[in-house]
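[1] structure for the following, please:
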Amino acid sequence: MILGILSEKNQDKRVSLLPEQADTLIKKSVSVWIEKGAGINAFADDKVYAEKQVVLQDRNTLLSQSDLLLSIHPLSESEIGLLKPGQVIVGVFQPLFNKALMQQLAEKQITLFSLDMIPRTTRAQSMDVLSSQANIAGYRAVLLAATLFPRYFPMFMTAAGSIPPAKVLIIGAGVAGLQAIATARRLGAVVEVSDTRPAVKEEVMSLGAKFIEVEGAADASKAGGYAVEQSEEFKQRQQQRLAESVAKSDIVITTAQIPGKKAPLLITESMLNSMKPGSVIIDLAASTGGNVFGTQNNATIVHNGVTIMGNSNLAADMPWDASKLYGKNVLNFLQLLIDKEGGLHLNFEDDLVKGCCITHAGQVVHERVV
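    Now for the predicted structure:
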């Protein structure tokens, strides 16, 4: 079997497998090919791959001849045209937002496994690409905010006077939010946290942050750890409470997303206008519409003296560790698809294999994408 590793586009510096991870598959009799230059931005050049017996190829050859393809991001329409029927692709294709693309892959007889759809179970933790990359994004968000913010994060008491600590508001206490809390606290900031799930309060407080409580949240216990849609009444109460916190915050980091839906707008224009000039917002939900009024994905704007950075792919700015963690997630998942002889074995009786399979045998097979 030939496994192909494509290089990433759109300024994403990651690579699906690092050389030592590719070597693990080669030892299982898998032929591993990689697009020339795919690992350079992750500090793994072609020479290192070649030393591990990985074959360097051009992109078109990989697309047309690989049995199993690794691509973090979706392929273009023209690239899908080069694929051969029966190929297997593993990546993060956001199928809930790309249903037309899923249909196109199905018509091409492609089997797609999108790891952002893997069931959130204990067994799947080692394959959870969303969590491994969100952890990095939360860390990077705070560091970026610190560089954009025109003041210190920690409190300083000097002969020239005292500097108060920065006030940080983090919206969403998922993996990214929790890492952002920990990083902001390590830098000496005072941190408040808003989340619709009361169950995260204890974890937030254990990291040294204050939890903003809003009564009446919808039960998210059956949503697999994800946020759920809230009632209009709750949204109004949440906005009133958030408005108070936003007005006194120096830094706001937003991470709130609902799978398959537009990101909820949590910070309105009037809230932005209440913030002090020089304040900074990092919106990690920018790719699905953003949590902040005026957010533009992959852009930094200034609104009434407030800097707003929209970026949902901050993990790509730390390509070495991001690639290492992502590659380990992929490698763990591939163990479910590759048998002891190095051949493909698609066991749809396995709940993890079935749970993230989007297209197979000419059909869109995932119940949430159909």
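[2] report the distance from the worst-scoring helix or strand of the chain on mean pLDDT to the chain centre.
    The helix or strand of the chain with the poorest confidence is helix 232-248; it has a mean of 88 (mean pLDDT, DSSP states H and E). Centre-to-centre, helix 232-248 and its host chain are 26 Å apart (CA atoms, centre = their mean, to the nearest Å).
[3] buried residues of it, list them for me.
    Buried residues in helix 232-248, counted by 16 or more other CB atoms under 10 Å: 234-235, 237-239, 242, 245-246. Every residue, glycine included, has its C-beta placed from N, CA and C.
[4] go on, stretch 35-50?
    35, 38-39, 41-42, 44, 46, 49.
[5] distance to Ala182, pLDDT and secondary structure added to these, as CSV?
    Shown next, in CSV, are those (distance: CB to CB, whole Å; pLDDT from 0 to 100; DSSP: H, G, I helix; E, B strand; the rest coil):
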residue, distance to Ala182, pLDDT, secondary structure
Glu35, 36, 98, strand
Ala38, 32, 98, coil
Gly39, 30, 98, coil
Asn41, 27, 96, helix
Ala42, 25, 97, helix
Ala44, 28, 98, coil
Asp46, 37, 98, helix
Tyr49, 34, 98, helix
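[6] longest helix of the protein?
    If you go by DSSP state H, the chain has its longest helix at helix 129-148.
[7] quick one: the helices in the stretch 201-350 of the chain?
    Ranges of helices within the stretch 201-350 of the chain are 201-206, 232-248, 269-274, 319-334, based on DSSP state H, counting those that start in this stretch.
[8] list of residues touching the last one?
    Counting contacts by CB atoms under 8 Å, 6 or more residues apart in numbering, the residues outside helix 319-334 that touch it are 13-18, 21, 24-25, 39, 41-44, 68, 70, 72, 90, 113, 115, 118, 126-129, 132-133, 135-136, 315-316, 352.
[9] try 6 Å
    Helix 319-334 is contacted by residues 13-18, 21, 41-43, 126-127, 129, 132, 136, 315 when judged by CB atoms under 6 Å, 6 or more residues apart in numbering.
[10] pick out the most distant pair among the residues you listed.
    Using CB to CB, the pair of these lying farthest apart is Asn41 and Ser126, separated by 25.2 Å.
[11] quick check, nearest of the buried residues of stretch 35-50 to Leu83?
    Among the buried residues of stretch 35-50, and counting by CB to CB, the member closest to Leu83 is Glu35, at 14.8 Å.
[12] was I right to think the closest one contacts Ser7?
    Yes: contact criterion CB atoms under 6 Å: Glu35 and Ser7 qualify, at 4.5 Å.
[13] how about stretch 166-180: buried residues?
    If you call a residue buried by 16+ other CB under 10 Å, then stretch 166-180 has these buried ones: 166-180.
[14] can you show me the helices along the stretch 1-150 of the chain?
    Counting by DSSP H, counting those that start in this stretch, residue ranges of the helices within the stretch 1-150 of the chain are 19-26, 46-51, 59-65, 77-80, 99-107, 129-148.
[15] and the third one, average pLDDT?
    In other words, helix 59-65. The pLDDT scores in helix 59-65 average 98.
[16] what's it in contact with?
    By CB under 6 Å, 6+ apart, the residues outside helix 59-65 that reach it are 4, 6, 33, 35, 79, 82-83.
[17] let's see 7 Å
    For helix 59-65, the external contacting residues (CB atoms under 7 Å, 6 or more residues apart in numbering) are 2, 4, 6, 33, 35, 69, 79, 82-84.
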